[in-house]
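Student: Sequence and predicted model, in that order:
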Amino acid sequence: MTDPLKTSEAGPSHPLGAVADADLAREIETARSLVAAIVKARKNLRLYLPNNPIYQQAIAGLSKAFENAFESQEAVTIEIQRTQILCGGKTIYQSPDVEDNLASLFYKDGVRNLTFLRGITDEETAEFLEIIQLGGRSAELDDDIVTLMWEKDLEHVRYLVVEEGEGDESDPSLLPRGARPGAAYGNLTEAHRDAVAAPAGPQAGAEEVRSLAATPGYEDLTSFPKELMSPLPLDDDDIRRLKIQIQDKRNALLLHRTVDICIELLFQDAGANPAGFEESVRTLERLGKLALMRGEFRLAADLIGQLHRMLGNKEMFDEKGRNLLRQTRAALGNEARLAEVGRYLDQGIPYSPEGLEAYLVSLDETAILPLCDLLGLKEMKNRRIIVNALIVLGKKHLEALVRGLSDSRWYIVRNIIYILGRLDDARAAGVLKRFASNPEPRVRMEAVRSLGLLGPPAAEALGLYLDDADSQVRLAAIRYLGTTRTPEAVQRIMERIRGKGFKDLPNEATRAHLEAYAEAAGSDAVALLEELATRGGWFDRNRIEEIQTAATAALGLVDTPKSREILGRLAESKSPSVRSAAREALDSRTE
């Protein structure tokens, strides 16, 4: 029997005719019907409330569309372009309206491929519709499609993301919001620089002020009265009024002003009043804990920053004093404190997302493992901030982050792997190798995605996933391997194309291999792609034409005079699918 990939026979292709195109046509029509159902359901969900029967019918209608789609196939894969959706190289959805365009909704956030798998549940269908509804409000909600899909983690919906730009600055989901490495967080007043001298007469001193901070009412989240907003010393009458007013919770600024005053007292006592200094430090610790309980995370971040700067001032503070400051700084970000913060967040405490992130990135490497534990918080918006903070901290402390991968919960491991891909650290590629044998396919898929972000250093590790048990993991691995554009990737992909098993691959995998080869080898890919696009054979003509069509489409990714000349000849092919692929490739270059 003649091997269709190794025969030396040249000459015209053998057209398949209507019978040969039947399978592909059915796949395209199935995808077209499914996308139409998604568009219809999305429209109805936007027009009606959840308690409206039409709203429920929209979800049920899409569930039925999925059921129909999987009567004859295991998966439906669609390719996302800027304003259109394709299947098998054919346009199945297109709209000139960029603002309300299903393709644009995914494209703008980097999604280039969606695959729906047989077995999708009604619950997953509803959640997918919720994702595209929320994704349309991404500017309002600060959540993009990729993050929403990542958080929902739908078992039967797979996606491929292309993230461009060094450091992924074009993608807000990959950057800590409002956080920049090395940036200062907050503008806490340097109260010690302008200490106010106490006037003559009977005055309340530092002990009275500190005693107020230690009252039970203070620990019960009470605010300090307005008099404490002044840095001036207090007399006995002021103290009496403060004791009456200390239960007032209405003025949130009082906590900030009290921190300023305590810092001023701390500087006044440094070197002159050791007992007063220690009490001032302990008071600041209580103030910091109170700030965290109230969700005043920006204040906590500012306080930690102040403590850090004080530790660098060896002229003002002796070693004993700096030890006290270290203990206070550690107490505001240790494991127990972060566990409390997690409970506050799960309870729905109001807070500023920017403030929370500022607090978290102000912590040191000892906070990384406790923060990894918080990746299991209930609310997506809270986990998103934890992820952003760990990206910032992980860039400085990779080893500490890697220790979190020993967690027994697969979703925690997956989230840490997601973070590793955003560190721009080649060492992460070595770490991600070991997950090729992980039993959870979602962990392996996340490892492949993260390796894809690491570029050339990830080529070797991506090779370990090419024969994964999950077909979607295999597809992602070969596509990302192509983007590394390394000699190793070119050699690895070419060997697979030349191998005996290539002719038995599903059509989608064939296309993925050839497109990855074109991406990796560039102009050097033209010779092999031309060979595959023009090679004929007498047996398994359907499969031969699939390979020819895929190779033709892959040639369209290599823009050289030689490839254009070959595509021009293929545009006159007797094979309808090859001819169409060649013409579409040529048309795309003139746009």
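Tutor: Thanks, I have it.

Student: Check whether residue 148 really touches residue 128, as I assumed.
Tutor: No - using CB atoms under 8 Å, residue 148 is not in contact with residue 128, being 9.8 Å away. To be clear about C-beta, it is placed using only N, CA and C from the backbone, and glycine gets the same treatment.

Student: And the strands in the stretch 401-550 of the chain?
Tutor: Using DSSP state E, counting those that start in this stretch, no strands are found in the stretch 401-550 of the chain.

Student: Next: the chain.
Tutor: Under the criterion DSSP state E, the chain contains strands at 75-80, 84-87, 90-94, 111-117, 157-161.

Student: In CSV: these, plus mean pLDDT, mean neighbour count and distance to residue 324.
Tutor: Formatted as CSV, the strands of the chain follow (pLDDT from 0 to 100; neighbours: other CB atoms under 10 Å; distance: least, CB to CB, whole Å):
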stretch, mean pLDDT, mean neighbour count, distance to residue 324
strand 75-80, 92, 21, 57
strand 84-87, 93, 20, 62
strand 90-94, 92, 17, 65
strand 111-117, 91, 19, 52
strand 157-161, 85, 21, 48
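
Student: Pull out the buried positions in stretch 477-494.
Tutor: Buried residues in stretch 477-494, counted by 16 or more other CB atoms under 10 Å: 477-484, 486, 489-490, 492-494.

Student: scratch that, stretch 398-409
Tutor: Using 16+ other CB under 10 Å as the test for burial, stretch 398-409 gives 398, 400, 401, 402, 404, 405, 407.

Student: likewise stretch 557-573?
Tutor: Residues 557, 558, 563, 566, 567, 570, 571, 573 are the ones in stretch 557-573 that count as buried (16+ other CB under 10 Å).

Student: check contacts around the second one.
Tutor: Contacts here follow CB atoms under 8 Å, 6 or more residues apart in numbering; on that basis residue 558 touches 518, 522, 523, 525, 526, 529.

Student: In helices, which of these appear?
Tutor: Those of those mapping onto helices are 518, 526, 529, per DSSP state H.

Student: ok, residue 262 to residue 269 distance?
Tutor: With distances taken as CB to CB, to the nearest Å, residue 262 is found 10 Å from residue 269.

Student: So which of the buried residues of stretch 477-494 sit within helices?
Tutor: Using DSSP H, the buried residues of stretch 477-494 in helices are 477-484, 489-490, 492-494.

Student: And these, which is closest to residue 31?
Tutor: Of all these, residue 31 sits closest to residue 479, with 19.1 Å by CB to CB.

Student: That closest one contacts residue 515, correct?
Tutor: Yes - using CB under 8 Å, residue 479 is in contact with residue 515, at 7.4 Å.

Student: still on that earlier bit, in CSV, list the ones in helices among the contacts of residue 558 along with distance to residue 74, neighbour count and pLDDT.
Tutor: Shown next, in CSV, are these (distance: CB to CB, whole Å; neighbours: other CB atoms under 10 Å; pLDDT from 0 to 100):
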residue, distance to residue 74, neighbour count, pLDDT
518, 26, 25, 96
526, 33, 20, 96
529, 28, 26, 96
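
Student: can you put those in TSV and add distance to residue 132?
Tutor: Listed next are the ones in helices among the contacts of residue 558 as TSV, based on distance: CB to CB, whole Å:
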residue	distance to residue 132
518	31
526	39
529	36
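
Student: quick revisit: columns distance to residue 377 on top of the strands of the chain, output as TSV?
Tutor: Shown next, in TSV, are the strands of the chain (distance: least, CB to CB, whole Å):
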stretch	distance to residue 377
strand 75-80	31
strand 84-87	34
strand 90-94	37
strand 111-117	25
strand 157-161	23
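
Student: nearest to residue 299, of the ones you listed?
Tutor: Comparing these against residue 299 with CB to CB, the closest turns out to be strand 157-161 (36.7 Å).

Student: Tell me how far the closest one lies from the chain's centre.
Tutor: 13 Å (CA atoms, centre = their mean, to the nearest Å).

Student: Now do it against strand 111-117, angle only.
Tutor: Strand 157-161 and strand 111-117 are oriented at 160 degrees to each other (axes from the mean of the first three to the mean of the last three CA atoms, to 10 degrees).

Student: The nearest residue to residue 127 once chain neighbours are set aside and residue 145: what is the separation?
Tutor: Nearest residue to residue 127, sequence neighbours excluded (CB to CB, 6 or more residues apart in numbering): residue 152, at 5.1 Å. Residue 152 is 11 Å from residue 145, where distance means CB to CB.

Student: which residues are common contacts for those two?
Tutor: residue 131.

Student: okay, the two: which has more neighbours?
Tutor: With neighbours defined as other CB atoms under 10 Å, residue 152 and residue 145 compare such that residue 145 has more, 23 against 16.

Student: Hmm, residue 112 and that one touching each other?
Tutor: No - contact criterion CB under 8 Å: residue 145 and residue 112 do not qualify, at 11.7 Å.

Student: Would you mind giving the buried residues of stretch 477-494 as JSON lines with pLDDT and distance to residue 286 added?
Tutor: JSON lines is the format used below for these (pLDDT from 0 to 100; distance: CB to CB, whole Å):
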{"residue": "477", "pLDDT": "96", "distance to residue 286": "53"}
{"residue": "478", "pLDDT": "96", "distance to residue 286": "57"}
{"residue": "479", "pLDDT": "95", "distance to residue 286": "54"}
{"residue": "480", "pLDDT": "96", "distance to residue 286": "50"}
{"residue": "481", "pLDDT": "97", "distance to residue 286": "55"}
{"residue": "482", "pLDDT": "96", "distance to residue 286": "57"}
{"residue": "483", "pLDDT": "95", "distance to residue 286": "52"}
{"residue": "484", "pLDDT": "96", "distance to residue 286": "53"}
{"residue": "486", "pLDDT": "96", "distance to residue 286": "56"}
{"residue": "489", "pLDDT": "96", "distance to residue 286": "57"}
{"residue": "490", "pLDDT": "97", "distance to residue 286": "62"}
{"residue": "492", "pLDDT": "96", "distance to residue 286": "60"}
{"residue": "493", "pLDDT": "97", "distance to residue 286": "61"}
{"residue": "494", "pLDDT": "96", "distance to residue 286": "66"}
